[in-house]
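>>> just coords:
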């Protein structure tokens, strides 16, 4: 190559490098981008998770349908069912997960190990039972989400023999297992992708379901979910997609919600006296800063995994009623969508399992404790729904006078501003904050302590695990 050619090649490389650098420099960071818009149903929603094996003594869709009016009366707007597709009955224990064995239920039928993605498991009922459940929920103004398990399948899944490429294989053709010892779904197969996209459309078109919780959602390639979103929107815009995951890019083009793992972990550490209350605010800020603006999370204090794996230390037992209420206040006044789990409305603390029947103790539903919990949650849901600031996407964190003990924040929407403070300790606290000159008064929306205005300050005297939710009048 002569010198002129060499110079030309070098110049081209320099130009290409500079062009790539400029494009990279101009590309906005993830937090400078906006999360995809969602619906009012998600933004203002309240989710209730039903584990059918624990929700009623019968463990069926028909029995669960009878309890839907009580959920609607509580204020629930979205019902999310653990998997109802036919689970694998293969009894070879090498294909059982460690949790499945540890449960002691000796039941091969793990609802998160699917045999047939297109059939209702007979344990829960029939197709007609599912249709009746969905229709009943819709008649009460509630949406229905199903749980989809696409990371792995059961060892006897109906497609494995006819379509061996639907699961991952070793170089010698042996099936590769994903986590928990189950065969891994092969997303390199275009036909497999079509099979599952059609499956997502099937439950929407056949039964009218309104969305999906996606088990281990960030274990599945994101481009699969992006295409699923496109196809579902073409069928019926507004289908809810909730990922059980924490992939930062999820909500750019696919998801409505992700699971709030970091928030639950932070709260658990604080209530165990291992972390200061300020860690909760810091966690929320750090998570938001690493994701697109407006990213939404499901906020919860219990779910089927927690209840199943730590049933001897249910949150109701370990935290106690007052601390549980404090966490509910946080979950229902912060951004995102709050979620209740099986029996939390009656403070149920009995054993639950996803591996066999271990139902809620509904005999205590008429106890004073259960009535107080229901009334508390109903009031909390009404406050959330009745004040647009509490369902807005923005949170302004405030440093309280004792950040190691309390968290405080403002929620705003238009001219509405709501001040929230929660004591996360077992001791009484007083939290005072100066009011701006344009505030002429306050309205207490929710509190289990004393709220007063003294010398231009709002003062909240909070009992152990106490809270105050106060609208500032301007």
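Perfect, thanks for sending it. Predicted, not measured: the structure shown is a model, and the values here were computed from it.
>>> From here on, just use CA atoms for contacts and neighbour counts.
Noted.
>>> On the three-state scheme, residue 468 is what?
strand (DSSP: H, G, I helix; E, B strand; the rest coil).
>>> For it, which non-adjacent residue is spatially closest?
Take residue 468 and drop its neighbours on the chain: the residue closest to it by Cα to Cα, 6 or more residues apart in numbering is residue 447, 4.3 Å away.
>>> burial of the one you found, as a residue count?
Burial of residue 447, expressed as a neighbour count using other Cα atoms under 10 Å, amounts to 19.
>>> Could you do residue 415 as well?
Count around residue 415 with other Cα under 10 Å applied: 9.
>>> Please tell me the pLDDT value assigned to the nearest residue to residue 97 once chain neighbours are set aside.
On the basis of Cα to Cα, 6+ apart, the spatially nearest residue to residue 97 that is not a chain neighbour turns out to be residue 180, at 4.6 Å. Confidence at residue 180, expressed as pLDDT, is 87.
>>> What residues does residue 180 make contact with?
Listed by Cα atoms under 8 Å, 6 or more residues apart in numbering, the contact partners of residue 180 are 96-98.
>>> same question, residue 308
Contacts here follow Cα under 8 Å, 6+ apart; on that basis residue 308 touches 351-354.
>>> Out of the residues you listed, which is nearest to residue 104?
Nearest to residue 104 among those, counting by Cα to Cα, is residue 353 at 10.1 Å.
>>> leaving aside the residues next to it on the chain, what's closest to the closest one?
For residue 353, the nearest residue in space outside its immediate sequence neighbours is residue 308; the separation is 4.7 Å by Cα to Cα, 6+ apart.
>>> Confirm that neighbour sits in a helix?
Yes: secondary structure of residue 308 (three-state DSSP): part of a helix.
>>> ok, what's across the strand from the residue nearest to the spatial centre of the chain?
When the chain is reduced to its mean C-alpha position, the nearest residue by Cα atoms, centre = their mean turns out to be residue 298, at 3.3 Å. Beta-bridge partners recorded for residue 298 (DSSP bridges): residue 259, residue 337.
>>> That one contacts residue 337, doesn't it?
Yes: here residue 298 lies in contact with residue 337, judged by Cα atoms under 8 Å, at a distance of 4.9 Å.
>>> Pull up the gap between the residue nearest to residue 353 and residue 104, please.
Residue 308 sits 12 Å away from residue 104, taking Cα to Cα, to the nearest Å as the criterion.
>>> Same check on residue 155?
As for residue 155, its distance to residue 104 is 21 Å (criterion: Cα to Cα).
>>> Comparing these two, which residue is more hemmed in?
Remark: of residue 155 and residue 104, residue 155 carries more neighbours, 24 against 10, as counted by other Cα under 10 Å.
>>> what are the phi and psi values for residue 34?
Here is the backbone geometry of residue 34 (degrees, to the nearest 10): phi -100, psi 140.
>>> Please read the previous query as pertaining to residue 430.
When quoted as degrees, to the nearest 10, the phi and psi of residue 430 stand at phi -120, psi 130.
>>> Surely it is in contact with residue 465?
No: counting by Cα under 8 Å, residue 465 is not a contact partner of residue 430; they are 11.9 Å apart.
>>> any low-confidence regions in the stretch 1-150 of the chain?
Using pLDDT under 70 as the threshold, the predicted model of the stretch 1-150 of the chain has low-confidence ranges 1-27.
>>> returning to that earlier point: show only the entries of the contacts of residue 180 found in helices.
With helices identified by DSSP state H, the entries of the contacts of residue 180 that belong to them are residue 98.
>>> okay if I get the contacts of residue 180 as TSV plus distance to residue 285 and neighbour count?
Rendered in TSV, the data for these read as follows (distance: Cα to Cα, whole Å; neighbours: other Cα atoms under 10 Å):
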residue	distance to residue 285	neighbour count
96	39	21
97	35	17
98	35	12
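>>> Any chance of JSON lines for the contacts of residue 180, columns distance to residue 331?
Written out in JSON lines, the entries for the contacts of residue 180 read as follows (distance: Cα to Cα, whole Å):
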{"residue": "96", "distance to residue 331": "34"}
{"residue": "97", "distance to residue 331": "31"}
{"residue": "98", "distance to residue 331": "31"}
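>>> For the stretch 351-474 of the chain, just list every one of the strands.
Using DSSP state E, counting those that start in this stretch, the strands found in the stretch 351-474 of the chain span residues 396-398, 406-413, 416-423, 429-434, 441-447, 450-454, 457-462, 467-473.
>>> circling back: from residue 369, how far out is the residue nearest to residue 468?
From residue 447 across to residue 369, the span is 18 Å (Cα to Cα).
>>> next one: residue 468
For residue 468, the distance to residue 369 equals 21 Å [Cα to Cα].
>>> The two - which one has more neighbours?
Neighbours were tallied for residue 468 and for residue 369 using other Cα under 10 Å; the higher tally belongs to residue 468 (26 against 16).
>>> ok, that one - contacts?
For residue 468, the contact set (Cα under 8 Å, 6+ apart) comprises 419-422, 444-449, 451, 460, 462.
>>> Which strand residues bridge it?
With DSSP bridges as the criterion, the beta-bridge partners of residue 468 are residue 421, residue 447.
>>> Give me the pLDDT for it.
What the model reports as pLDDT for residue 468 is 97.
>>> Which secondary structure state is assigned to residue 324?
helix.
>>> what about it, how many neighbours?
20.
>>> hang on, the earlier thing: ok, the residue nearest to the centre of the chain to residue 446 distance?
Residue 298 is 22 Å from residue 446, where distance means Cα to Cα.
>>> Then residue 134?
As judged by Cα to Cα, residue 134 and residue 446 stand 34 Å apart.
>>> show me the contacts for the residue nearest to residue 468.
Contacts were defined as Cα under 8 Å, 6+ apart; by that measure residue 447 touches 466-469.
>>> now do residue 377
Residue 377 neighbours (Cα under 8 Å, 6+ apart): 74, 345.
>>> just residue 242 next, same as before
By Cα under 8 Å, 6+ apart, residue 242 lies in contact with 211-214, 255-259.
>>> Could you find the closest non-adjacent residue to residue 229?
Nearest non-adjacent residue to residue 229 (Cα to Cα, 6+ apart): residue 254, at 5.6 Å.
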